[in-house]
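# Have a look at this fold, sequence not included:
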Ligand code: DGP
């Protein structure tokens, strides 16, 4: 998608600090970290949010689920971490390209909403 920030990161036209990449998935450090480790894991194909996951694109989401524990291990998040995906306005999704936040490196707050 031409005007999508994360599609531009996938294309390399906007730089990012990559921590993982394969043919379906890219993971990079969040520009505004909310925890000592804050990584975004995204499908390379444009999917707007969880609302838009379907039979055709679920393979990329499945690969993200495989990759998250691999990244967590590589980042030494052995004591635990949180995975969050924000959806739409009420979910306060600011970038309209599906992404999963991995947050860790400290004990996170107990509030979720
Ligand atoms: P969300 O609020 O769930 O849509 O999270 C979007 C995240 O994307 C937010 O934590 C900040 C991050 N972000 C926004 N712009 C950039 C960018 O240009 N580079 C990187 N690495 N992260 C970005």
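Perfect, thanks for sending it. The structure presented is a predicted model; accordingly, all values stated were derived computationally and were not measured.

# show me where this structure has strands.
18-21, 25-29, 37-43, 81-84, 100-104 (DSSP state E).

# of those, which approaches residue 52 most closely?
Nearest of the strands of the chain to residue 52, taken as Cβ to Cβ: strand 37-43 at 10.5 Å. Heads up, the C-betas are built off the backbone N, CA and C, glycines and all.

# Switch the strands of the chain over to JSON lines; also include distance to residue 58, mean neighbour count and mean pLDDT.
Putting the strands of the chain into JSON lines (distance: least, Cβ to Cβ, whole Å; neighbours: other Cβ atoms under 10 Å; pLDDT from 0 to 100) gives the following:
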{"stretch": "strand 18-21", "distance to residue 58": "20", "mean neighbour count": "15", "mean pLDDT": "98"}
{"stretch": "strand 25-29", "distance to residue 58": "13", "mean neighbour count": "21", "mean pLDDT": "98"}
{"stretch": "strand 37-43", "distance to residue 58": "10", "mean neighbour count": "22", "mean pLDDT": "98"}
{"stretch": "strand 81-84", "distance to residue 58": "17", "mean neighbour count": "16", "mean pLDDT": "98"}
{"stretch": "strand 100-104", "distance to residue 58": "14", "mean neighbour count": "21", "mean pLDDT": "98"}
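
# Same list, the ones you listed, but as TSV with distance to residue 110 please.
Listed next are those as TSV, based on distance: least, Cβ to Cβ, whole Å:
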stretch	distance to residue 110
strand 18-21	27
strand 25-29	25
strand 37-43	18
strand 81-84	11
strand 100-104	13
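
# Understood, closing this out.
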